[in-house]
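**Student:** Fold the following and give me the result.
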Amino acid sequence: MATYRKILLAVDLTADTAQIAQRAQSLAKSEGAEIDLLHVIEPVPLVTPLDVPEVLSPTVLEAQNQIAAGARERLGKLAA
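**Tutor:** Just a heads-up that it's a prediction; the model follows:
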């Protein structure tokens, strides 16, 4: 049987993520491997009125930052 030294765990942070992470942790423990977490956040489309771009831009950028902060928090809990 192959020995794993590193496991890449790609997560989408859905309801199944915790169960999948537990399986990866069990495998990593049995193999003495490290786990690297990967989560990709799709950018929020930046669509603004042509005549007043400053109206929507901060709101969209704030939403993107909130999404990223939420994902970092959930990944931190998952990694603990």
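**Student:** And this structure, split by domain according to the record?
**Tutor:** For the chain, whose domains are defined here by automatic domain parsing, the residue ranges read 1-40, 41-80.
**Student:** Let's have those domains in a markdown table, adding mean pLDDT.
**Tutor:** Formatted as a markdown table, the entries for those read as follows, by pLDDT from 0 to 100:
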| stretch | mean pLDDT |
| --- | --- |
| domain 1-40 | 92 |
| domain 41-80 | 79 |
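**Student:** could you dump those to JSON lines with mean neighbour count?
**Tutor:** Any C-beta I mention is one placed from the backbone N, CA and C, and that applies to glycine too. As requested, the domains of the chain are exported to JSON lines (neighbours: other C-beta atoms under 10 Å):
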{"stretch": "domain 1-40", "mean neighbour count": "12"}
{"stretch": "domain 41-80", "mean neighbour count": "11"}
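**Student:** longest helix in the protein, by residue count?
**Tutor:** What stands out as the longest helix in the chain, according to DSSP state H, is helix 53-79.
**Student:** Which strands and helices lie in contact with that one?
**Tutor:** helix 17-31, strand 34-38 (3 or more C-beta pairs under 8 Å, 6 or more residues apart in numbering; DSSP states H and E).
**Student:** Which residue lies nearest the spatial centre of this protein?
**Tutor:** Computing the C-alpha centroid of the chain and ranking residues by C-alpha atoms, centre = their mean puts H39 first, at 2.9 Å.
**Student:** so who does it touch?
**Tutor:** Listed by C-beta atoms under 8 Å, 6 or more residues apart in numbering, the contact set of H39 reads 10-13, 71, 75.
**Student:** for those residues, which one is nearest Q22?
**Tutor:** Taking C-beta to C-beta as the measure, V11 is the one of these closest to Q22, at 12.0 Å.
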